[in-house]
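> sequence and predicted structure, then a few things I'm wondering about:
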Amino acid sequence: MWEKWNMPNCVSSIDGKHVRIKAPQHSGSLFLNYKDYFSIVMLALVDADYKFVAIDAGSYGKEGDSNIYRKSIIGKKIERNDFNIPESKVLPGTNINLPHFMIGDEAFPLDTNMMKPYSRRSRLDRQKEVFNYRLCRARRVAENAFGLLSQVPYYIRDENQNPSDNMIDSAATTSTVHDGINVRNELKLFFNSQMGQVSWQNNYC
C-alpha cells in the first residue's frame, strides 16, 4: 500500500457492498437498506492489488458497516489480536513506530488497527485535509475491487489460485498498544512532512 498508494503501514482497505436480493418471506424490513431496496451486505478487506483477502457476507441490508464489522469474525479476531496483523513498524524515513492498520470510511470505528478520515462536521485545517485525501485515495482499492467484481461472473486475480490463498491466517501477534487518535495524528504529520508528502497532494485539497 505504501509503494502503490502512498499509505504506509496499511494492510488493507475495508468497505461494505450491498448485494440486491428478493426479500425473503416474513423478513419484514430486515433486508431493506437505506437506499430503499432489499439487500445483504458483503464486507471485504482488499489489498493494494485489488485482491480480496478476507470477506464477511450475508448481513442484513439495514445494518451499517460499523456494526457488521464489530460483530463479524474478522472484527472479533482483530479486536483480540488474533488476525495475524504484522507488528508495528517505523514510518518510511523516520524513527516513528506505528502499528499496521486497515483504512475505512467514516462509518468505521477509529482505533489502533483502523484509520478513518477526520470528520468534516467541523472545519478542517490543511493538514487534516491532506490526511483525508491520502486516506481516501488509498481506500478506493476496495471500492474499485467491488466494481471489478460486479463486471465479471468469477473474480480470481491469479490463475490456479485457491480461495484460501488470499485469506489471512489466524495467529496471535504482539504489538505496542497505540491509541487510534494518536496514530492518526502521527500519520497526519507524516503526510505533511518532507519524508511523507507526495508532490500533488496540495492540488487536491
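Happy to help now that I have it. On a predicted model such as this, the values are computed, not experimentally measured, just so you know.

> please count neighbours and contacts with C-alpha atoms only from this point.
Fine.

> show me what the strand or helix carrying Val53 is packed up against.
Element membership for Val53 (DSSP states H and E) is strand 52-60. Under the contact criterion of 3 or more Cα pairs under 8 Å, 6 or more residues apart in numbering; DSSP states H and E, strand 52-60 touches strand 39-46, helix 73-79.

> which helix or strand lies directly C-terminal to it?
Taking DSSP H and E, what comes next after strand 52-60 is helix 65-71.

> in that next one, what's buried?
For helix 65-71, a neighbour-count test (16 or more other Cα atoms under 10 Å) marks 65-66, 68-70 as buried.

> now stretch 187-201
For stretch 187-201, by 16+ other Cα under 10 Å, it's 187-192, 196-197.

> so where do the helices sit in the protein?
2-5, 65-71, 73-79, 126-151, 180-191 (DSSP state H).

> tally of neighbours for Trp5?
16 (other Cα atoms under 10 Å).

> actually, Gln151.
Gln151 has 9 nearby residues by other Cα under 10 Å.

> how far does the biggest strand by length in the chain sit from the chain's center?
The strand that spans the most residues within the chain, counting by DSSP state E, is strand 10-20. Centroid displacement of strand 10-20 relative to its chain, using Cα atoms, centre = their mean, to the nearest Å, is 7 Å.

> going forward, the N-terminal residue is numbered 32.
Will do, 32 is the new start, and the previous item becomes strand 41-51.

> list the contacts of that strand.
32-33, 68-79, 92, 96, 116, 131-136, 169-174, 177 (Cα atoms under 8 Å, 6 or more residues apart in numbering).

> same question for stretch 210-227.
123-125, 129-130, 141-146, 158-159, 161-162, 165, 228-229.
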